[in-house]
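Engineer: Sharing a model prediction with you, sequence too.
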Amino acid sequence: MADIAIGVDIGGTNIRAALVSVQGEILAKVSERTPTDPLLALERVIAMARALDTPEVLGIGVGIPGRVDVDSREILSGGILNLSGLDFVRRIEAALGKPVVIENDCSMALIAEMRIGGAKGYQNVAMLTIGTGIGGAVAHAGRIYHGHKAAGQLGHICVSQDGPPCPCGRRGCVETFSSGTALRRHIAEAGLSVVTIKEVFDMAAEGDDAAVRVLRQWAVPLRAALDNIAATMDPEVILLGGGLGCDAARALADLPAVAPWFCPAILPAKLADDAGVIGAGLSIFTADAPSQEKRARGKRARGKRAVLVNGVPASGKSRLAKALSDRTGWPILSLDGIKNPFLQHIGPVDRDFNRTLGKASYQAIWSIIADAPAGSTFIIDAWFGFQPKAQLENYIDAAKVGDVAELWCKVPGTVAGERYASRLKERLPGHPGAEYVPELITLADRAEPMGCGAVMTVEQTKEPDMEVILAWVWQVFDRQ
Ligand SMILES: [Zn+2]
């Protein structure tokens, strides 16, 4: 089965969507005008992706005009079309049932240019897309560099603190001098009656002073911004894309860098309007495509997560907890794991004392989780029903656990009784003995999950399907 993905590029003028192969070829393409209403734009993205979707499509990558938190998949801000505040990613995922990756649109274009375009073979690249505004993206060691969240806003490098106001709230960002919008302003202010930048170049070539001045007004601030980029991140190459990328590279040819160390190669991008959709499609195949682990990182940063592996004694919880831990790397806190060393040191104890140790161990588990950093995930292996639900809820709150998934290990009483009886010899003195079996049979038949979060019942009379269980746990953590 061929790996293909859908790439979507939401531009100020057009939304483009394409089926993209793993090699970056466009297999099919659609395009429509971008609605000005964000909700309408989202609906069009869904409709266009649906039109291209096939069973072979692995996911949908979307280039967003604005700042994007890639890990949490949130849109932080936008420009003319502001998609922040919409449940953008989940709406598309719900509509198509496939994973969605979002990135800033210029970052998507850079992904494509590095793979098959003007920056192919380079590892450290800065890119500016020069159109209505100026977009930016940075790659470090072959991967998009995000910084804390949304690095690479190169259009907002300040080149004159007294310059024109910028939509970002400051003055004199390079976008206010060297974008397509700014070029039109320079042309109008110079009183030139030209429509295209080619005409300006032609006039300048013939020695027209006003045209030369316009090109300098447009390119000198850009040169300053590129020097700042060279000074701060020393890329091998700076790529100029967007509708005016080639023209900007041409205008800069007359403005050499003032010092050799400001001299990364300045190259025009090669993929033109297709860079955005190709990169968006490729983002599904790259190592940067968010694994489920990464997708939940934004949520983890806000709270902790707990998988409660719950069931009566001899219901198979410890094996299930171990299997889950092996696959996820999450640590297990087990009630018996804490209690047993005490039993070993203390020796035989009566059932009351055993229960006291159990309660203390239960408390110890939640104290450990309470002390753990935000974002931690734990697997807790216990028969939770030996304490009231309200107690568990208090512990969950106090430990600042935000997401709870409960795996309820269900087993018929007779099976639990047989298993318990067969393992009596392995149990430490202090655990109830054979006399407990009838009680356990009754308990197992009427035991219920705690229900403090989402619950999945795992039939413990057969081998649990870990893939299904793991997918469910991730779904719970991603959804809550
Ligand atoms: Zn700005």
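Structural biologist: Looks like it came in fine.
Engineer: what does this structure have sitting close to the ion?
Structural biologist: His156, Cys166, Cys168, Cys173 (Cβ under 5 Å from the ion). (C-beta placed from N, C-alpha, C; glycine too.)
Engineer: quick one, what contacts the spatially closest residue to the first one that is not a sequence neighbour?
Structural biologist: Using Cβ to Cβ, 6 or more residues apart in numbering and skipping residues adjacent in sequence, the residue nearest His156 is Cys173, 4.5 Å away. With contact taken as Cβ atoms under 8 Å, 6 or more residues apart in numbering, Cys173 is in contact with Gly155, His156, Ile157, Cys158, Val159, Gly163, Cys166.
Engineer: how about the strands of the stretch 101-250 of the chain, start to end?
Structural biologist: Using DSSP state E, counting those that start in this stretch, the strands assigned to the stretch 101-250 of the chain run over residues 125-130, 134-140, 143-144, 237-241.
Engineer: For the last one, the averaged confidence score.
Structural biologist: Here the mean pLDDT over strand 237-241 is 96, rounded to a whole number.
Engineer: One more: the longest one?
Structural biologist: For strand 134-140, mean pLDDT rounds to 95.
Engineer: What is that strand packed up against?
Structural biologist: helix 105-116, strand 125-130 (3 or more Cβ pairs under 8 Å, 6 or more residues apart in numbering; DSSP states H and E).
Engineer: okay, the angle between that strand and strand 125-130?
Structural biologist: With axes from the mean of the first three to the mean of the last three Cα atoms, to 10 degrees as the basis, strand 134-140 and strand 125-130 are set at 170 degrees to each other.
Engineer: got the contact list for strand 134-140?
Structural biologist: Contacts for strand 134-140 (Cβ under 8 Å, 6+ apart): 65, 104-107, 109-110, 114, 119, 122-129, 144-145, 151-156, 174-175, 178-179, 233, 235, 242.
Engineer: if we can go back for a sec, just the buried residues of the residues of the chain next to the ion.
Structural biologist: His156, Cys166, Cys173 (16 or more other Cβ atoms under 10 Å).
Engineer: what are the bridge partners for the residue nearest to the second one when sequence neighbours are not counted, then?
Structural biologist: What sits nearest to Cys166 in space, not counting adjacent residues and going by Cβ to Cβ, 6+ apart, is Cys173, at 4.0 Å. Note on Cys173: beta-bridge partners Cys158, judged by DSSP bridges.
Engineer: Distance of Cys173 relative to Ala190?
Structural biologist: Distance, Cys173 to Ala190, using Cβ to Cβ, to the nearest Å: 22 Å.
Engineer: before we move on, the earlier item: how close does the residue nearest to His156 sit to Leu19?
Structural biologist: Taking Cβ to Cβ, one finds Cys173 at 36 Å from Leu19.
Engineer: hang on, the earlier thing: go ahead and build a PyMOL selection from the buried members of the contacts of strand 134-140.
Structural biologist: In PyMOL, a selection of the buried entries from the contacts of strand 134-140 looks like this (16+ other Cβ under 10 Å):
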select buried, resi 65+104+105+106+107+109+110+114+119+122+124+125+126+127+128+129+144+145+151+152+153+154+155+156+174+175+178+179+233+235+242
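Engineer: can you confirm Glu274 is in a helix?
Structural biologist: Careful, residue 274 is Asp and not Glu. Yes - with DSSP: H, G, I helix; E, B strand; the rest coil as the criterion, Asp274 is part of a helix.
Engineer: wait, what's in contact with it?
Structural biologist: Contact analysis of Asp274 by Cβ under 8 Å, 6+ apart lists Arg16, Ala18, Ile26, Ala112.
Engineer: Just the pLDDT at the last one, thanks.
Structural biologist: According to the predicted model, the pLDDT of Ala112 comes to 96.
Engineer: The one 5 residues further on now?
Structural biologist: Residue-level confidence at Gly117 comes out at 94, pLDDT.
Engineer: Who are the contact partners of Arg171?
Structural biologist: Counting by Cβ under 8 Å, 6+ apart, Arg171 touches Cys158, Ser160, Gln161, Asp162, Gly163, Pro164, Pro165.
Engineer: Quick one: mean pLDDT for whichever helix in the chain runs longest?
Structural biologist: Identified as the longest helix of the chain according to DSSP state H is helix 209-233. Computed over helix 209-233, the mean pLDDT rounds to 94.
Engineer: what does stretch 349-365 rub up against?
Structural biologist: Defining contact as Cβ under 8 Å, 6+ apart, one finds that stretch 349-365 is touched by 333, 335-336, 338-339, 342-343, 380, 382, 386-387, 395, 429-432.
Engineer: Confidence-wise, which helix or strand of this protein is lowest on average?
Structural biologist: For the chain, using mean pLDDT, DSSP states H and E, the weakest element among its helices and strands is helix 297-300, scoring a mean of 42.
Engineer: which SSE is Leu470 in?
Structural biologist: Element membership for Leu470 (DSSP states H and E) is helix 466-479.
Engineer: Okay, now the unreliable bits of the stretch 251-400 of the chain?
Structural biologist: For the stretch 251-400 of the chain, residues meeting the criterion pLDDT under 70 lie at 260, 287-302.
Engineer: So what touches stretch 444-454?
Structural biologist: Residues contacting stretch 444-454 (Cβ under 8 Å, 6+ apart): 306, 308, 310-312, 315, 384-385, 389, 392-393, 396, 403-406, 408, 411-413, 415-417, 455, 457, 476, 480.
Engineer: Out of those residues, which sit inside strands?
Structural biologist: Secondary structure assignment by DSSP state E places Ala306, Leu308, Asn310, Asp403, Val404, Ala405, Glu406, Trp408, Val455, Thr457 of the contacts of stretch 444-454 in strands.
Engineer: and which of those is nearest Gln217?
Structural biologist: Closest to Gln217 out of the ones in strands among the contacts of stretch 444-454 is Asp403 (54.2 Å), distances taken as Cβ to Cβ.
Engineer: Please pick the buried ones from the contacts of Arg171.
Structural biologist: By 16+ other Cβ under 10 Å, those give Cys158, Gly163 as buried.
Engineer: Tell me the one of the contacts of Arg171 nearest the ion?
Structural biologist: Nearest to the ion among the contacts of Arg171 is Cys158, at 7.4 Å by Cβ to the ion.
Engineer: just to revisit the earlier point, so which of the contacts of stretch 349-365 belong to helices?
Structural biologist: Filtering the contacts of stretch 349-365 for helices - DSSP H - leaves Leu335, Asp336, Ile338, Lys339, Phe342, Leu343, Tyr395.
Engineer: what would those residues look like in TSV with neighbour count?
Structural biologist: Formatted as TSV, those follow (neighbours: other Cβ atoms under 10 Å):
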residue	neighbour count
Leu335	22
Asp336	19
Ile338	19
Lys339	22
Phe342	16
Leu343	19
Tyr395	22
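Engineer: Out of those, which two sit at the greatest distance?
Structural biologist: Largest pairwise distance in the ones in helices among the contacts of stretch 349-365, by Cβ to Cβ, is 22.6 Å, between Leu343 and Tyr395.
Engineer: Any of the contacts of stretch 444-454 buried? List them.
Structural biologist: 306, 308, 310-312, 315, 384-385, 392, 396, 403-406, 408, 411, 413, 415-417, 455, 476.
Engineer: buried set for stretch 413-432?
Structural biologist: Gly413, Val415, Ala416, Gly417, Arg419, Tyr420, Arg427, Leu428, Gly430, His431, Pro432.
Engineer: ok, these vs the ion, which is closest?
Structural biologist: Ala416 (65.8 Å).
Engineer: on that earlier part again, just among the contacts of Asp274, which is most surrounded?
Structural biologist: Neighbour counts for the contacts of Asp274 (other Cβ atoms under 10 Å) peak at Ala112, which has 31 neighbours.
Engineer: Okay then, goodbye and thanks.
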